[in-house]
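1. sequence and predicted model, in that order:
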Amino acid sequence: MRSSRMHQVHGVAGARREQEQHTSFSVGSQQRIENQMNILHTYATDFTAAISFFSVATNDWFWQASFLVFYKLQPNADVRKTQLDAWCSLVVTWAKHKNISQIDVTEASTLPVFSNDSIKRSLPRDSINIVLEELAKRGNLEWTDKSKRRGYLFWRSAGEWGQQIYSWAVSNSKINTVCTIYELNQGDDTQSCEFHGLDTDILVKALQSLQMNGKAELMDFGDNQGVKFL
């Protein structure tokens with residue numbers, strides 16, 4: 001009889017300890033998730049920190065193994081906003097560092113920015129679509145067709161690129177001078193400029209923004225295209 005009561009006491013005590021451990025684990029896990037998301041947001045929103053956070057030397061662009069939760073968009077609105085902020089910053093930083101100007105949605109899931117083979121984690125296709133739509137809302141992505149299959153990635157807006165090009169034109173006495181597209185993105189005079197080597201389509205969009213503001217006039221020369229700065 002005494003033995004039976006002892007078993008009951010130990011059973012109740014064991015259950016209580018198990019419940020306390022489970023509660024402690026749940027609280028601890030939630031705290032770790034919140035800490036991870038805060039760190040994630042800090043790194044992803046700063047370009048310099050992001051570069052050091054990734055293994056650039058080996059061309060590996062993935063999050064460290066402790067950030068497993070990052071690959072699953074959370075239902076909580078505040079947490080999801082933090083995740084989307086981090087994802088958008090990550091994609092823009094990756095695109096800038098790798099000089100990626102276009103993205104194909106059908107191939108997006110194979111891009112290293114959306115997966116980490118070392119921890120066997122990747123962002124699901126539907127979540128990738130959510131991130132891309134968020135990038136479009138923020139002006140960092142422009143769809144090339146109504147089907148939203150392909151899009152241009154902007155780490156600078158077309159207007160910002162245009163202003164940078166125009167500043168170069170002013171500094172180099174190119175006002176009222178005609179330059180070809182090739183001269184702008186491949187010429188010797190622009191080698192020190194950030195827009196040197198820029199995707200031709202994005203360069204043209206930048207020049208179109210200048211044209212809309214009366215600062216440039218696009219010209220066609222048969223198979224070639226140029227611009228006159230005003």
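-> That came through, no problem. Numbering: from 1, shown residues only.
2. quick one: the nearest residue to W94 once chain neighbours are set aside and K96, what's the gap?
-> The shortest distance from W94 to any non-neighbouring residue, by CB to CB, 6 or more residues apart in numbering, is to V113 (4.4 Å). C-beta coordinates here come from the backbone N, C-alpha and C atoms, glycine included. Distance of V113 to K96, computed by CB to CB, to the nearest Å: 12 Å.
3. could you chop this structure up by domain?
-> Residue ranges for the domains of the chain, per automatic domain parsing: 8-153, 158-229.
4. as CSV, those with mean pLDDT and mean neighbour count would be great.
-> Below are the domains of the chain laid out as CSV (pLDDT from 0 to 100; neighbours: other CB atoms under 10 Å):
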stretch, mean pLDDT, mean neighbour count
domain 8-153, 70, 15
domain 158-229, 91, 16
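5. quick one: residues contacting K174.
-> By CB atoms under 8 Å, 6 or more residues apart in numbering, the contact set of K174 is 168, 229.
6. kindly report the same for C88.
-> C88 touches 131, 134-135, 138, 140, counting by CB under 8 Å, 6+ apart.
7. again, but for M219
-> M219 neighbours (CB under 8 Å, 6+ apart): 178, 225-228.
8. just the residues you listed: which are in strands?
-> 178, 225-228 (DSSP state E).
9. among these, which one lies nearest to P124?
-> Q225 (40.5 Å; CB to CB).
10. measure the closest residue to that closest one other than its chain neighbours to L141 for me?
-> Nearest residue to Q225, sequence neighbours excluded (CB to CB, 6+ apart): I181, at 4.9 Å. Using CB to CB, I181 is found at 23 Å from L141.
11. L203 sits in which helix or strand?
-> Here L203, judged by DSSP states H and E, is contained in helix 200-212.
12. which ones are touching the residue nearest the centre of the chain?
-> For the chain, the residue sitting closest to the mean C-alpha position, by CA atoms, centre = their mean, is V91 at 1.6 Å. The contact partners of V91, taken as CB under 8 Å, 6+ apart, are 113, 131, 135, 140, 153.
13. could you dump the contacts of M219 into a markdown table and include distance to S171?
-> Supplementary listing: those in a markdown table, determined by distance: CB to CB, whole Å:
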| residue | distance to S171 |
| --- | --- |
| V178 | 17 |
| Q225 | 23 |
| G226 | 19 |
| V227 | 16 |
| K228 | 17 |
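14. of all these, which comes closest to L210?
-> V227 (7.7 Å).
15. doesn't E217 make contact with the closest one?
-> Yes. Counting by CB atoms under 8 Å, V227 does reach E217; the two are 6.8 Å apart.
16. where do the contact lists of the two overlap?
-> With CB under 8 Å, 6+ apart as the test, V227 and E217 both reach Q211.
17. of the ones in strands among the contacts of M219, which is the nearest to D85?
-> Comparing those against D85 with CB to CB places V227 closest, at 35.6 Å.
18. quick one: the strands in this structure?
-> For the chain, applying DSSP E gives strands covering 102-104, 115-116, 121-122, 141-143, 150-153, 178-180, 216-221, 224-229.
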